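Visitor: The amino acid sequence is not available; the structure is as follows:
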């Protein structure tokens, strides 16, 4: 039911897209060639940005309900990225979309608010590993629990679960393709 509703929304929102765009992706409804919707990489990127903003709003609302006001959604995502691990700054940069300056700033704020602990390495006191404090673990557990409730709502049946898996695999493939293109240029220039 949810997948049909989402399909109808996508079809109505993309009906006005230009069909002559050479960067378009053809999406066939339900794997059948009954209807083709044209979606450009730009439309896809805008949808991802909107989804990211809406997810940030969702996180902010959930944090506000729990009385957490000293940090924002980007901080919460960083805490969720750390999870139960003890990581270096370099490992955090590899796991998420963090630039060095932003990551340092976020870690400084999280440390000041008592959400992370820095553990200096014995061999080099300038280098530290980062782990969550008990306060941060509780927040992450709460956010994970509420996100799981929404996931069960959206992924209620095997077809929807499969659709989520396909969406994830597709987004992962696009991310890798765009990262490669950013480094090496478009395929025609290689």
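Guide: Here it is on my side, so go on. Only a predicted model underlies this, so the values are computations on that prediction, with no experimental measurement involved. Numbering: from 1, shown residues only.
Visitor: Work out for me the element the most centrally placed residue in the chain sits within.
Guide: Among the residues of the chain, residue 52 comes closest to the average C-alpha position under C-alpha atoms, centre = their mean, at 6.6 Å. When secondary structure is defined using DSSP states H and E, the element that contains residue 52 is helix 41-65.
Visitor: which residues touch the next helix or strand after that helix?
Guide: Read in the C-terminal direction, the helix or strand following helix 41-65 is helix 73-82, with elements assigned using DSSP H and E. Defining contact as C-beta atoms under 8 Å, 6 or more residues apart in numbering, one finds that helix 73-82 is touched by 55-57, 59-60, 63, 92, 95-96, 98, 103, 106-107, 109-110, 115-116, 130-132, 136, 139-140, 143-144. (C-beta placed from N, C-alpha, C; glycine too.)
Visitor: can we see that at 6 Å?
Guide: Applying C-beta atoms under 6 Å, 6 or more residues apart in numbering, the set of residues contacting helix 73-82 from outside is 56, 59, 60, 95, 96, 106, 110, 132, 136, 140.
Visitor: just to revisit the earlier point, got the angle for the helix holding residue 52 vs helix 73-82?
Guide: Following axes from the mean of the first three to the mean of the last three C-alpha atoms, to 10 degrees, one obtains 90 degrees for the angle between helix 41-65 and helix 73-82.
Visitor: With residue 180 as the reference, measure out to the residue nearest to the centre of the chain.
Guide: Counting by C-beta to C-beta, to the nearest Å, the separation of residue 52 from residue 180 is 22 Å.
Visitor: for the record, mean pLDDT for the lengthiest helix in the chain?
Guide: Selection of the longest helix in the chain by residue count, based on DSSP state H, yields helix 158-184. Taken as a whole, helix 158-184 has an average pLDDT of 92.
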